[in-house]
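Chemist: with the sequence up front, the predicted model follows.
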Amino acid sequence: MGRLLNYRARCAFMCVMCGVLVVVSAPTINLSGGQDKGAGKQQADQQAAKKKADEKARNAAQAAKNRKPNTDKQQFTSTAAKAKNNKTTRANTGSRAWKMTAENENTALEFVRKNHAELEELLIYLKENRKTQYERAIRDLYRAHQRLTLIKQRDPKRHRLELRAWKLDSRIEVLAARIAMQDSEPLRKQLRQAVEQHVQVKIALLKDDKAKAAERLRKVNTQLQKYQQSQEAEVDRQINLLTRETKRRQPNRRRANDRSNQADKSDSPSKSGSATKSKKPNDK
């Protein structure tokens, strides 16, 4: 009877223990399965987000690539427009800077009558029919007169060549305008002669420039040779000049110092006298 009870007790204990094991192990299996499912879902969400970000970056790059040509074109158009506006502004400013007066007009007309009377007929036509072009022509003629006047003051020989070149330029323009209105063989011959003469004057001007440049180069070479041959002497000369100027200033400073010392000495007796007078009452 005791053995039977012991056997039954052991069986019950084993059943209880198995039930505990089943109860304890079952939640563990369920929890591990939930964790695996959560980790898989999180990984899937990360992959989806990464894929979405990559796609968004590709779309943005493609959009920027499509917009770039238009941006460059707009920038080029804007730059060209600004350049055109600046050019127009400078041209308008230059035109407004010069204002035609009666004195300027008379000076220009007198210059034309003296050097190219044939041009005066064209100026009369412009004055009667095209006022703006007439004012522009008067401006150019007045400036040409001023330039040639300055050249004449500096170099009369150069002035003769420059004046000859201006006359030929003016004649060539008139002949070209006539040929444009009514072409003819005599006008073409005159135009050719004028152009040939203009080329000859241009050659003379260039020769004059060359001679002046050669003279300038000769002077530079002379100075260069002088400095190279006597560098020490030149250094001594400049030092002597600088020290001589310093020596000249020193006597003036000495005289000024002497005057200030004399003034101080002349003031000192009066100060000592006043001091003794102030001390006498105390001595008594």
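Modeler: Here it is on my side, so go on.

Chemist: keeping just the C-alphas, turn stretch 133-146 into CSV.
Modeler: Listed next in CSV are the C-alpha coordinates belonging to stretch 133-146 (Å, rounded to 0.1, in the frame of the first residue of the first chain):
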residue,chain,number,x,y,z
GLN,A,133,23.1,112.9,-88.6
TYR,A,134,24.1,116.5,-89.1
GLU,A,135,24.8,117.0,-85.4
ARG,A,136,26.8,113.8,-85.3
ALA,A,137,28.9,115.0,-88.3
ILE,A,138,29.5,118.4,-86.8
ARG,A,139,30.6,116.6,-83.6
ASP,A,140,33.1,114.4,-85.4
LEU,A,141,34.4,117.4,-87.5
TYR,A,142,34.9,119.5,-84.3
ARG,A,143,36.8,116.7,-82.6
ALA,A,144,39.0,116.2,-85.6
HIS,A,145,39.8,119.9,-85.6
GLN,A,146,40.7,119.9,-81.9
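
Chemist: mean confidence for it?
Modeler: Stretch 133-146 carries an average pLDDT of 93.

Chemist: and that stretch, what's buried?
Modeler: Residues of stretch 133-146 classed as buried by neighbour count (16 or more other C-beta atoms under 10 Å): 134-135, 137-139, 141-142, 144-145. In this view, the C-beta of every residue, glycine as well, is placed from N, C-alpha and C.

Chemist: which strand or helix spans R178?
Modeler: Secondary structure from DSSP states H and E places R178 in helix 156-181.

Chemist: for that helix, packing partners?
Modeler: Where contact means 3 or more C-beta pairs under 8 Å, 6 or more residues apart in numbering; DSSP states H and E, helix 156-181 is packed against helix 102-115, helix 118-129, helix 131-154, helix 185-229.

Chemist: nearest to A57 among these would be which one?
Modeler: Closest of those to A57 is helix 131-154, at 60.6 Å (criterion: C-beta to C-beta).

Chemist: roughly how far apart are the closest residue to Y227 other than its chain neighbours and T246?
Modeler: Among residues not flanking Y227 along the chain, E234 sits closest, at 6.1 Å (C-beta to C-beta, 6 or more residues apart in numbering). Distance of E234 to T246, computed by C-beta to C-beta, to the nearest Å: 19 Å.

Chemist: higher neighbour count, these two?
Modeler: With neighbours defined as other C-beta atoms under 10 Å, E234 and T246 compare such that E234 has more, 13 against 9.

Chemist: isn't that one right up against Q228?
Modeler: No. Using C-beta atoms under 8 Å, E234 is not in contact with Q228; the gap is 9.9 Å.

Chemist: so where's the stretch 51-200 of the chain uncertain?
Modeler: 64-97 (pLDDT under 70).

Chemist: switch to 80 and redo it
Modeler: 51-54, 56-98 (pLDDT under 80).

Chemist: quick check, pLDDT for G2.
Modeler: We have a pLDDT of 47 for G2.
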